[in-house]
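> have a look; sequence and predicted model below, questions after that.
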Amino acid sequence: MSETNKDEEVPMNEETVKESQAGSEEMKSRKERMTGSTHFGDTDFYEESPEEIDDATWGEVVRACCCHTPKEWGVIFVGFIVLCFFLYFFLLGLELLGSSAKVIGGCTAGAILGTDTNPIAALMIGILGTVLLQSSSTTTSIIVSLVGAGSIQVQQAIYMVMGANIGTSVTNTIVAMGHLGNGDELERAFAGATVHDMFNFLSVLILLPLEAATQYLYRLTSAMLPDQAYDKGDKWEGPIKKIVSPLGNMVIKANKDLIKEISVSEGLITCESYYPVNCTGGVETYEACKDHYGLIACDKKTGRCPAFFQNGASQHDDQISGGVCVVLALFILIVCLIGLVTLLQKMLLGTSTRIIYKATNINGYLAMLIGCGITILVQSSSITTSTLTPLVGMGVIQLEQMYPLTLGANIGTTFTAVMAALVSDKIDAMQTALAHLFFNISGIIIWYPIPFMRRIPINLARKLGKATRIWRGFPIVYIIVMFLFVPLILLGLSACFEQGSKGFTVLGCFLTIGVAIALGYWFFWWYRRDGRAKCESCMATRQRRREASKELPENMEYIRAELERLREHTGLADEDEESDDEEAGKADETGTVSDEE
């Protein structure tokens, strides 16, 4: 008889509910339950795979969600208020992180985004620009502005938005590292974060060569738009942005106009042109400081300048302020993440995984619509995926459900570029925004409808999650290599061929051959020389050393206690006591000799 039938046969009276609740608090493993069901908070909660979870009925879900005593409803209400508190400041932390990243890397991002180059370099520029700005929405908006200003061509902009799609997932990968203290949660959270990466990498791997060979995105979007310009639209701001931004702007506000002006200036304007900050009459208000501030701007709506704004500041001063805000943002994110996870665990404690899985296991295409809608509201795919990543780490959302939510977030973030294009009166700007949209739609068509293709990015992400089980430092290496090291190498190689010099071209050829040989040897070592096993062994050794050093003080205390117990049991004297006895004996002998003399 199935577990569902067993549960249905039990009468749902008040005494039975109380007994089952008491039992669920006492039991800590599914092996101790007659039905064999796993409940949230069990010691073996993370050992159950999605295939082992039996199907529940919607009636059970409704009873679990809605059938509570007045006292329980009061606890739920208080928990919901505290949950909203942590969620608000979690979103504030993401807002501060994005603004701080724009202050620190805005000058560099503006310079590289305005570079006219080849498809590979354009892709790398999109990745690095988004990593520096911590927002694909900002990157794509700048790219659309560049196209609208005529600084870059639509064909190049298409490759840049492909790179922006890849770079946006670095934020939720950083959020996943908040689970470093729990190996099970880290594995799930990192897999949930990197499933976004795997989809983007695989889509670019297929669509970039296809676009370079056929220009299908360029031709498709060209056919969709008229030849003449259209009227400008109004800039739209999401409701979540309106709630979070006022408090964030009181701390720090990035000057996005500076980044755009540097990117469209073709090298004529640099960050130094905006410094030192000079407010009229030394008064720090928007009216007194407008057109005279640098990377940190004042708020036009309130007329006030943020706390980290400083009259007379240099570029170095503003970037130091941005660095301090990064630390502050990370602190807020970690505290709120711990609060969110702890609170959700308390609220879900004792709930059967059958109920959780039934409530979250919705149709994939409906999940895409939900992910798209949430992203349109918050105006950032990074916020959407970063908020969902802790839920994957806790096991509330399965990796198979996170995948379509991520794809929906990818679609939702393209609407920001469409809104930015509506502010411009250039057809090319709208064409770039639509190319971003159809790039994501094309990737979804390739990697989602067919079950076999759908499993490829999910399985790759799951393998990356398992790598954190071997070594918890793996996410840090992954971020540095995939989002900084590889893009910089490929961008450097591309730059050698863009200089128009025979010397640089020859150097680029030699470097490209060297990189190709190194990659070939790496694949040979990995698959033929048992490199994978050696790498896993090295990571496992590092993890063991880390755990051993962490447990060393506790182990030393245990050893001391055991030695003390052995001394008491055997009657052996302590070394200090023996040495004191020996010194006392020598003193007595010396005293006796002196008396005889």
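Sure thing, it's come through.

> so which elements touch the helix or strand hosting Ile489?
According to DSSP states H and E, Ile489 maps onto helix 486-498. Counting contacts by 3 or more CB pairs under 8 Å, 6 or more residues apart in numbering; DSSP states H and E, helix 486-498 packs against helix 119-133, helix 502-528. The way it works is simple: take the backbone N, C-alpha and C, and place the C-beta from them, glycine included.

> do you know which of those helices lies nearest Ile479?
Between Ile479 and these, the tightest spacing by CB to CB is seen for helix 119-133, at 8.9 Å.

> may I have that closest one as CSV, with CA atoms only?
Below are the C-alpha coordinates for helix 119-133, written out as CSV (Å, rounded to 0.1, in the frame of the first residue of the first chain):
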residue,chain,number,x,y,z
PRO,A,119,33.1,38.5,-31.7
ILE,A,120,35.2,36.6,-29.2
ALA,A,121,36.6,39.8,-27.6
ALA,A,122,33.0,41.3,-27.6
LEU,A,123,31.8,38.2,-25.7
MET,A,124,34.6,38.5,-23.1
ILE,A,125,33.9,42.3,-22.8
GLY,A,126,30.3,41.5,-22.0
ILE,A,127,31.3,39.0,-19.3
LEU,A,128,33.9,41.2,-17.7
GLY,A,129,31.6,44.3,-17.8
THR,A,130,28.8,42.4,-16.1
VAL,A,131,31.2,40.9,-13.5
LEU,A,132,32.5,44.4,-12.7
LEU,A,133,29.0,46.0,-12.6
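
> show me what that helix is packed up against.
By 3+ CB pairs under 8 Å, 6+ apart, helix 119-133 packs against helix 70-113, helix 136-149, helix 154-167, helix 183-214, helix 486-498.

> how far does the fourth one sit from its chain's centre?
On the basis of CA atoms, centre = their mean, to the nearest Å, the separation between the geometric centre of helix 183-214 and that of its chain is 13 Å.

> now the helix or strand that that helix is followed by against helix 183-214, angle please.
Toward the C-terminal end, the helix or strand that comes next after helix 183-214 (DSSP H and E) is helix 216-224. Counting by axes from the mean of the first three to the mean of the last three CA atoms, to 10 degrees, helix 216-224 lies at 70 degrees to helix 183-214.

> what packs against helix 216-224?
Counting by 3+ CB pairs under 8 Å, 6+ apart, helix 216-224 packs on helix 154-167, helix 183-214, helix 427-447.

> moving C-terminal from the first one, which element do we reach first?
Helices and strands here follow DSSP H and E; after helix 154-167, the next one along the chain is helix 170-176.

> point out the most buried one among the helices and strands packed on helix 216-224.
Highest mean neighbour count of the helices and strands packed on helix 216-224: helix 154-167, a mean of 26 (counted as mean count of other CB atoms under 10 Å).

> so what does that one touch, helix or strand wise?
Using 3+ CB pairs under 8 Å, 6+ apart, helix 154-167 is in contact with helix 119-133, helix 136-149, helix 183-214, helix 216-224, helix 427-447.

> count of neighbours near His68?
Look at His68: counted by other CB atoms under 10 Å, it has 14 neighbours.

> how close does the closest residue to it other than its chain neighbours sit to Leu295?
Excluding the flanking residues, the one nearest His68 by CB to CB, 6 or more residues apart in numbering is Ile76, at 6.7 Å. Distance, Ile76 to Leu295, using CB to CB, to the nearest Å: 44 Å.

> ok, the two, which is more surrounded?
Neighbours were counted for Ile76 and for Leu295 using other CB under 10 Å; Leu295 has more, 27 against 14.

> isn't that one up against Cys271?
Yes. Contact criterion CB atoms under 8 Å: Leu295 and Cys271 qualify, at 7.2 Å.

> follow-up on the earlier one: worst average pLDDT in the helices and strands packed on helix 154-167?
Across these, helix 136-149 has the smallest mean pLDDT, namely a mean of 75.

> just checking, what packs against the host helix or strand of Met453?
For Met453, the host element (DSSP H and E) is helix 451-470. If you count contacts as 3+ CB pairs under 8 Å, 6+ apart, helix 451-470 packs onto helix 183-214, helix 399-423, helix 427-447, helix 474-480, helix 531-570.

> among the ones you listed, which is nearest Ala288?
helix 399-423 (26.9 Å).

> in the protein, where is pLDDT below threshold?
1-58, 61, 114-116, 149-150, 226-240, 266-267, 348-359, 416-417, 420-426, 571-597 (pLDDT under 70).

> SS state for Glu261?
At Glu261 the chain is in helix, as set by DSSP: H, G, I helix; E, B strand; the rest coil.

> what about it, how many residues nearby?
18.

> residue contacts, it?
Going by CB atoms under 8 Å, 6 or more residues apart in numbering, Glu261 touches 110, 269.

> switch the helices and strands packed on helix 119-133 over to CSV; also include distance to Ile441.
Listed next are those as CSV, based on distance: least, CB to CB, whole Å:
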stretch, distance to Ile441
helix 70-113, 24
helix 136-149, 15
helix 154-167, 12
helix 183-214, 10
helix 486-498, 25
